[in-house]
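Peer 1: Everything below, folded, please.
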Amino acid sequence: MKFGLMLPNKGHSYGDANLLVELALCAEQAGWEGFFLWDHIGGSGDWPTMDPLISLGAIASQTQTMRLGTMVTPLSRRRPWKVAREIVTLDHLSHGRAVLGVGLGDLVNKDFKAFGEASNPRVRAEMLDESLEIIAGLQSGQLFHHNGKHYQVTEALFKPAAVQTPHIPIWVAAHWPFKRPLQRAARWDGVLPRPWNAGPITAEVLREIAAYIAQHRETDAPFDICKYGQTKGKDLAQDRALVQEYSAAGATWWIEEISPGRGTLEQMRERIITGPPR
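Peer 2: Residues are numbered from 1 along each chain as shown. Here you go, the predicted structure:
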């Protein structure tokens, strides 16, 4: 199992790109293997917000080993070719450490309402699927064409290709117990499961998710199953027992959630510095 951190890109504490770079440096020194940022635009005017991909570019220039990416980018409100250019740039800046986390996005989030973005979840899902095909196709370094319901690409050629082949890993958010998002994730490189009115993602639920993904995979390429959670960083044996339970159920990543509601910035800094519960 690998260990990553997920942090906000917004808030009175975390809406500061320089702070995010500082925390990323602390994380890498402490042995964390991934550093992932929320992807919020911000439109309500209430919280300072930093662009996640620009912030990750700065972090890439200051770190050496950690995986870097978004958790998650709602692709229906971003131009897929622009995302393709940004994520390939991040892949080159980081020498092949980029990850793209994607999803539909929160239907009640002000990011969407403030700018008149698509609100119908079926439309968002269609846009997400088309966007993923475009983003992956443009990373090939070959001529790419797409004629879809929502997007059209005519013989586009993107250079340079991504460092990682055949494309930068794509991890797809999936609200449990819905099956369509899991089927979508199975077509790509990883899944980010979240509960939806069905209780928490327990080890048993994760085992069920892993089995469902395995049934729908059409390739034996590596696939990541991420478990969001929180450890206290006070009792290593207790924290290890928690994460090992999920590792045994099929999780390949433990994603430690760092959020404004969990504690003060200094408490979260201390948790990052303590390091992962290996």
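Peer 1: C-alpha from now on. contacts and neighbour counts both.
Peer 2: Noted.
Peer 1: need the contact list for S61.
Peer 2: L93, S94 (Cα atoms under 8 Å, 6 or more residues apart in numbering).
Peer 1: hang on, it in a helix?
Peer 2: Yes. Under DSSP: H, G, I helix; E, B strand; the rest coil, S61 falls within a helix.
Peer 1: pLDDT score for it?
Peer 2: At S61, the model reports a pLDDT of 97.
Peer 1: how close does it sit to A84?
Peer 2: Distance from S61 to A84, counting by Cα to Cα, to the nearest Å: 19 Å.
Peer 1: what about the longest helix in the chain?
Peer 2: Determined from DSSP state H, the single longest helix within the chain is helix 121-138.
Peer 1: Let me see the residues that make contact with the following helix or strand past that one.
Peer 2: The helix or strand immediately downstream of helix 121-138 is strand 144-147, counting by DSSP states H and E. Residues outside strand 144-147 that contact it (Cα under 8 Å, 6+ apart) are I134, G137, L138, Q152, V153, T154, E155, A156, L157.
Peer 1: Does A60 touch H92 like I think?
Peer 2: No. Contact between A60 and H92 fails when scored by Cα atoms under 8 Å: they sit 9.2 Å apart.
Peer 1: In terms of neighbours, single out the busier of those two.
Peer 2: Set A60 next to H92 and count neighbours by other Cα atoms under 10 Å: A60 wins out with 24 against 18.
Peer 1: Any idea how far apart the tips of stretch 240-259 sit?
Peer 2: Using Cα to Cα, one end of stretch 240-259 lies 21 Å from the other.
Peer 1: Can we start the residue count at 33 from this point?
Peer 2: In the new count, where the first residue is 33, that last one comes out as stretch 272-291.
Peer 1: Just the buried positions in that stretch, please.
Peer 2: Buried residues in stretch 272-291, counted by 16 or more other Cα atoms under 10 Å: 274-276, 278-279, 281-291.
Peer 1: cool, and stretch 148-168?
Peer 2: Within stretch 148-168, the residues scored as buried using 16+ other Cα under 10 Å are S151, R156, A157, M159, L160, E162, S163, L164, I166, I167, A168.
Peer 1: CA-only coordinates of stretch 248-267 in CSV, if you can.
Peer 2: Taking Å, rounded to 0.1, in the frame of the first residue of the first chain, the C-alpha atoms of stretch 248-267 are listed here in CSV:
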residue,chain,number,x,y,z
HIS,A,248,-15.3,-5.4,-15.5
ARG,A,249,-11.6,-4.9,-16.3
GLU,A,250,-10.6,-5.7,-19.9
THR,A,251,-6.9,-5.5,-19.3
ASP,A,252,-4.4,-6.8,-16.8
ALA,A,253,-2.7,-3.4,-16.6
PRO,A,254,-2.1,-2.1,-13.0
PHE,A,255,-5.2,-0.6,-11.3
ASP,A,256,-5.3,1.5,-8.1
ILE,A,257,-8.0,1.3,-5.5
CYS,A,258,-7.8,4.3,-3.2
LYS,A,259,-9.3,4.5,0.3
TYR,A,260,-9.9,7.9,1.8
GLY,A,261,-9.6,8.1,5.6
GLN,A,262,-8.0,9.7,8.6
THR,A,263,-5.4,8.4,11.1
LYS,A,264,-4.5,10.2,14.2
GLY,A,265,-0.7,9.9,14.0
LYS,A,266,-0.5,9.3,17.7
ASP,A,267,-0.6,5.5,18.0
